[in-house]
Structures are given as structure tokens and as C-alpha cells.
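Undergrad: Need a 3D model of the sequence below.
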Amino acid sequence: MKSTTIYRAVLALAVLSAGHAWAADLSVQIKGVKSAQGHIVIDICTQKTFLGDQCPQTVRVPAQIGGVEAVFKDLPPGIYAMQAYHDEKDGGKMRTGLFGIPLDGTATSNDASGSFGPPTFEDAKFEVTGDATIVATMRY
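TA: So this is what the prediction gives:
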């Protein structure tokens, strides 16, 4: 009877520890912010949601000249890409001009950029396996 209780306690501890080990904190630093107006919107996206507005993880950080940082807590392991934009007018949506060209500053993980269009998920992707920091530069 006593060994069964000890076994269950050890099993419960192992399950709880394993669950915590799988979640990671991802720090995202955005450099090159040109004004303190509005917010920087940072998304962590899956391949399906990249370059869209339905990314599973989003934060809004008050803009600061030079750069900002945000931490995404308990991110499950996987392959992601980061996209960000400077919402200077606080409209809640990235503004675009002719042919969908962004009017706001934008940033992506790996500082990925497209030749004749937006960057690809392949160029921007990174893997989350544990706590990490990524850095990207805002382009205006």
C-alpha cells in the first residue's frame, strides 16, 4: 500500500514537471522604432496564420523611440514566425497603401524581407524548444 502511494506521488511530480518543462518564455526585442506614438503590435504566428491577423499570440506594447521588448509566456514548443508593426495612429490594424504596401513600420523574425512582396514563413521561421530571445529591426 505504501509503495503504491509513493509511486503515485512520483508519477504526479513527473507529470507536473514535464508539463512545465514544455512551456517556454519567448522574449521579443524590436529595435529601430522611430517614434513614441502609438503602439508596437507583436504577433507570434504559425505557418497558417503568418502575415494575417489571426495569430494565436499577440501583444501591444507602448512605442518607445529606439525599441521595445515583449515576453510571450508559456509558449508551446513548435515552429513559429514573428510579425510586428508600428500602430502609430492606434487604429488597431496595419495601414497599407497602393498594392498593399505597408504604410506603418514592420518587422519580422530573422529580419526576413521579400524581394517583390512580403517575406515568406520559411525565411522568418524559428523553433521554440525552451526559453529564448529573438531580435528584429523595424523597417519604415
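Undergrad: Does the spatially most central residue of the chain have any beta-bridge partners, and if so which?
TA: Nearest to the geometric centre of the chain sits residue 44, at 3.0 Å (Cα atoms, centre = their mean). For residue 44, the beta-bridge partners are residue 57, residue 82 (DSSP bridges).
Undergrad: Now for it: which residues touch it?
TA: Neighbouring residues of residue 44 by Cβ atoms under 8 Å, 6 or more residues apart in numbering: 26, 28, 55-58, 72, 75, 80-82. In this view, the C-beta of every residue, glycine as well, is placed from N, C-alpha and C.
Undergrad: low-confidence ranges in the protein?
TA: 1-21 (pLDDT under 70).
Undergrad: Do a quick rundown of the helices in it.
TA: Using DSSP state H, the helices of the chain run over residues 2-22, 121-124.
Undergrad: What count of nearby residues applies to residue 135?
TA: Neighbour count of residue 135, defined by other Cβ atoms under 10 Å: 15.
Undergrad: what's the answer for residue 121, then?
TA: If we define neighbours as other Cβ under 10 Å, then residue 121 has 21 of them.
Undergrad: My understanding was that it contacts residue 52; is that so?
TA: No. Using Cβ atoms under 8 Å, residue 121 makes no contact with residue 52, being 11.0 Å away.
Undergrad: any idea how far residue 38 lies from residue 107?
TA: Here the distance between residue 38 and residue 107 works out to 14 Å (Cβ to Cβ, to the nearest Å).
Undergrad: Please read the previous query as pertaining to residue 39.
TA: 13 Å.
Undergrad: neighbour count winner among the two?
TA: For residue 39 versus residue 107, neighbours defined as other Cβ under 10 Å are more numerous around residue 107 (26 against 18).
Undergrad: wait, what's in contact with the more buried one?
TA: Under the criterion of Cβ under 8 Å, 6+ apart, the neighbours of residue 107 are 30, 32, 82-85, 136-139.
Undergrad: Could you do residue 24 as well?
TA: 74-77, 128-132.
Undergrad: and with 10 Å instead?
TA: Residues in contact with residue 24 (Cβ atoms under 10 Å, 6 or more residues apart in numbering) are 72-78, 128-132.
Undergrad: go on, residue 131?
TA: Residue 131 neighbours (Cβ under 10 Å, 6+ apart): 23-27, 71, 75.
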